[in-house]
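# Sharing a sequence plus its predicted fold:
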Amino acid sequence: MKFISFIVKRSFASLLLLPCLVMAETSKEQPNILFIAVDDMRTLTGSYGDKMAITPNIDALANQSTQFNKAYVSWPVCGPSRMSLMTGQRPEENGIVNLKFKIREVNPNVVTLPQLLKNNGYETAAVGKVFDPRNVESRIKDDPASWTIPYQTPKASLKGKDKLAVKSIDAPTEKFVDGNINNRGKELLTQMAKNDKPFFLAVGYKRPHLPFIAPKKYFDLYDRAAFELAPFQQAPKNSNAKYILNNNGEMRTYRPTPKAGGKIIPYPKGDFSEAHQRELLHGYYATMAFVDSLVGHLLETLEKTGEADNTIVVFWGDHGFHLGDHGMWGKHTTMEQANRIPLLIKLPNGAFGQFNRPVETLDLYPTLAELAQVKTTQTMHGQSLVKVLKDHSSPLEKEIAISQYKRGGTFGYSLRTNRYRYTEWINKNKDVLYRDLYDLDKDPLETVNIAVQKENQSIVTELAKTLRQHKAGLKRL
């Protein structure tokens, strides 16, 4: 399968052929794993139905993969989300509920996913943002216990202190940090493929996380005037905004691009203007197109190594991102757009297509351990997805996902079923202070909290019961 490194016309992606799903002969008894992480990525690709996205390489990968259409993170912030996935444990259980704690200090006996594979004969390496660097030993060493090849910190030669939220720069790829991440990833991929050991290589891209910086050619793909603004930019009816909305604090640490020769000043207080919203959307989509190009180059390198037919590819986002819906720009909420992510899993000899029932990133640890033929060594609350990777009609033991967030001393526990998102905000005394309920089949934009409506009390009762049936690792339930 040849991946496209740069393309303007998305229609070309539809011409890409599905891969041959026959396992090639190999001396390795266990499969390799290429683990691709993307920071702050929503389901804004062509394969997920976004008509503006120019993502031919991710779409081509999706055509060979199981695409999970209802995949959710444990916590809508980088550090806790990533550590939950990499330990197979919920944030309250592994101890990482912020960006300050370090995993080996709060949980010295934990075994990360790459550490488990390393202990069972795999060569392991990472480049870029896989763990959040604030939750491991250091930005330089990352988590040494996880890697057989010492971690190297990628750098970008483009630096600036202007704090602009959006920057189009006419410079080659290698000037950007993600370009250097990809170059190092390709080097490691080529190196590890020559080894007789199976490998686990994690490549973590830093875009489309703020600031939205990318080479100019990716901005040139889009007409800024063509972007549609979020249609619903208010708090939901019957809701309590202090629990469910963020204050755009992260976004307001950045600045809008001034007019030529103008002074750089903060965003005005209140709502973001239409012009500012269009600039932000343009930046987000341009950085996504940039990442897509890098993914294409990385997968092309995998093909060249000769190991593609013995390599599992996992592509995932660490959480979602509000792009103007409910007036928000960022993550940090228990709502749908902050917690839903793209998740693709390609097996060399597995089924491909779409899976439409809820799954959690918590499920990736037991899934990859099973595929690698390795026994897990610690308590986990995710479930293996192997059977649905091979047969999408297979039932799962649980078909729900739970996300959580902390605000003002209260924890919000949010349950996603096939139809509903139900959230309880609970204080340290385990009192339920507030409830949200959205019928996402009828109200996908979460415009009305129906938990307060009398006719929905039986649904609230049932979902509260379901939430507590899956409370393992959730300490206030």
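The structure has been received and is ready for your questions. Numbering: from 1, shown residues only.
# Go ahead and confirm D50 touches T43.
Yes - with contact defined as Cβ atoms under 8 Å, D50 counts as touching T43 (7.4 Å). Heads up, the C-betas are built off the backbone N, CA and C, glycines and all.
# and these two? which has more neighbours close in?
Per other Cβ atoms under 10 Å, whichever of D50 and T43 has more neighbours is T43, with 21 against 15.
# What pLDDT does the model give the more buried one?
We have a pLDDT of 98 for T43.
# D443 too?
So, for D443, pLDDT stands at 98.
# Does it belong to a helix, a strand or coil?
coil (DSSP: H, G, I helix; E, B strand; the rest coil).
# Skipping adjacent residues, who's closest to it in space?
With Cβ to Cβ, 6 or more residues apart in numbering as the criterion, D443 has its nearest non-adjacent residue at 7.9 Å, and that residue is I450.
# Please name the residues that touch the one you found.
I450 makes contact with N238, L437, Y438, D439, D443, N456 under the criterion Cβ atoms under 8 Å, 6 or more residues apart in numbering.
# Using just helix, strand and coil, how would you label it?
Classification of I450 by three-state DSSP places it in coil.
# any idea how far it is from D178?
41 Å (Cβ to Cβ, to the nearest Å).
# What segments of the protein are helices?
56-63, 78-87, 91-94, 103-106, 113-118, 177-193, 216-219, 241-244, 274-305, 336-339, 364-371, 386-390, 457-469 (DSSP state H).
# nearest to K167, of those?
Checking the helices of the chain against K167 by Cβ to Cβ gives helix 274-305 as the closest, at 7.8 Å.
# Show the average pLDDT along that closest one.
pLDDT averaged over helix 274-305 gives 98.
# JSON lines for the helices of the chain, including distance to V127?
As requested, the helices of the chain are exported to JSON lines (distance: least, Cβ to Cβ, whole Å):
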{"stretch": "helix 56-63", "distance to V127": "18"}
{"stretch": "helix 78-87", "distance to V127": "15"}
{"stretch": "helix 91-94", "distance to V127": "23"}
{"stretch": "helix 103-106", "distance to V127": "19"}
{"stretch": "helix 113-118", "distance to V127": "13"}
{"stretch": "helix 177-193", "distance to V127": "4"}
{"stretch": "helix 216-219", "distance to V127": "21"}
{"stretch": "helix 241-244", "distance to V127": "36"}
{"stretch": "helix 274-305", "distance to V127": "10"}
{"stretch": "helix 336-339", "distance to V127": "26"}
{"stretch": "helix 364-371", "distance to V127": "19"}
{"stretch": "helix 386-390", "distance to V127": "26"}
{"stretch": "helix 457-469", "distance to V127": "38"}
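# Indicate which one of these is closest to K259.
Of the helices of the chain, nearest to K259 by Cβ to Cβ is helix 274-305, at 10.5 Å.
# Mind listing what's buried along that closest one?
When burial is assessed from 16 or more other Cβ atoms under 10 Å, helix 274-305 yields the following buried residues: 276-302, 305.
# coming back round to it: which one of the helices of the chain lies closest to G350?
Minimum separation from G350 across the helices of the chain (Cβ to Cβ) falls at helix 386-390, 4.9 Å.
# Who are the packing partners of the closest one?
helix 364-371 (3 or more Cβ pairs under 8 Å, 6 or more residues apart in numbering; DSSP states H and E).
# Now do the helix it packs on and helix 78-87, the angle between them.
Inter-element angle recorded for helix 364-371 and helix 78-87: 30 degrees (by axes from the mean of the first three to the mean of the last three Cα atoms, to 10 degrees).
# CA atoms only: put helix 364-371 into PDB for me.
What follows is helix 364-371, C-alpha atoms only, in PDB (Å, rounded to 0.1, in the frame of the first residue of the first chain):
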ATOM      1  CA  LEU A 364      -6.000  -0.800  24.200                       C
ATOM      2  CA  TYR A 365      -3.600  -2.300  26.800                       C
ATOM      3  CA  PRO A 366      -5.400  -5.600  27.100                       C
ATOM      4  CA  THR A 367      -6.000  -5.700  23.300                       C
ATOM      5  CA  LEU A 368      -2.400  -5.200  22.300                       C
ATOM      6  CA  ALA A 369      -1.200  -7.600  25.100                       C
ATOM      7  CA  GLU A 370      -3.500 -10.300  23.600                       C
ATOM      8  CA  LEU A 371      -2.400  -9.600  20.100                       C
END
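# Identify the residues contacting that helix?
By Cβ under 8 Å, 6+ apart, the residues outside helix 364-371 that reach it are 31, 33, 85-88, 113, 116-117, 312, 314, 316, 345, 347, 375-376, 380, 382-386, 389.
# Now a PyMOL select for only the buried ones of the residues you listed.
A single PyMOL command selects the buried members of the contacts of helix 364-371 (16+ other Cβ under 10 Å):
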select buried, resi 31+33+85+86+87+88+113+116+117+312+314+316+345+347+380+382+383+384+385+386+389
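# State the distance from A37 to E446.
A37 sits 26 Å away from E446, taking Cβ to Cβ as the criterion.
# oh sorry, the question was meant for V166
Using Cβ to Cβ, V166 is found at 26 Å from E446.
# What of T257?
30 Å.
# One more: R278?
On the measure of Cβ to Cβ, R278 and E446 end up 23 Å apart.
# go on, E228?
18 Å.
# who has more neighbours, the two?
E446 (22 against 10).
# just checking, the more buried one touches L440?
Yes - if you go by Cβ under 8 Å, E446 and L440 touch, sitting 7.4 Å apart.
# Could you pull out the residues contacting both of those two?
Taking Cβ under 8 Å, 6+ apart as the contact rule, E446 and L440 both touch E336, R421.
# Show the pLDDT at E25.
39.
# My error: substitute A13 in the last question.
34.
# residue closest to the middle of the protein?
Centroid-nearest residue in the chain, with Cα atoms, centre = their mean: G317, separated by 1.3 Å.
# May I have the residues that are in contact with it?
Contacts of G317 (Cβ under 8 Å, 6+ apart): A37, V38, D39, D40, M41, R42, V73, I341, P342, L343.
# If it is in a bridge, with which residues?
V38 (DSSP bridges).
# Report the contact partners of the residue of the chain most remote from its centre.
Distance to the chain centre peaks in the chain at G261, reaching 37.2 Å (criterion: Cα atoms, centre = their mean). Residues near G261 by Cβ under 8 Å, 6+ apart: none.
# next one: L229
Going by Cβ under 8 Å, 6+ apart, L229 touches E274, Q277, R278, L281, G324.
# make it 6 Å
Going by Cβ atoms under 6 Å, 6 or more residues apart in numbering, L229 touches Q277, G324.
# Same check on F355?
Counted by Cβ under 6 Å, 6+ apart, F355 has contacts T66, F68, V388, H392.
# if you set the cut-off to 8 Å instead, what comes out?
Counting by Cβ under 8 Å, 6+ apart, the residues that F355 touches are T66, Q67, F68, N69, V388, H392.
# I'd like the distance from it to D220, if you could.
Separation of F355 from D220 (Cβ to Cβ) stands at 35 Å.
# Same question for T334.
According to Cβ to Cβ, T334 stands 37 Å off from D220.
# neighbour count winner among the two?
Neighbour totals were compared for T334 and D220, and T334 leads with 25 against 13 (other Cβ under 10 Å).
# just checking, the more buried one touches S403?
Yes - in this structure, T334 is within contact of S403 by Cβ under 8 Å, at 6.1 Å.
# Now do the shared contacts for the two.
P76, S414.
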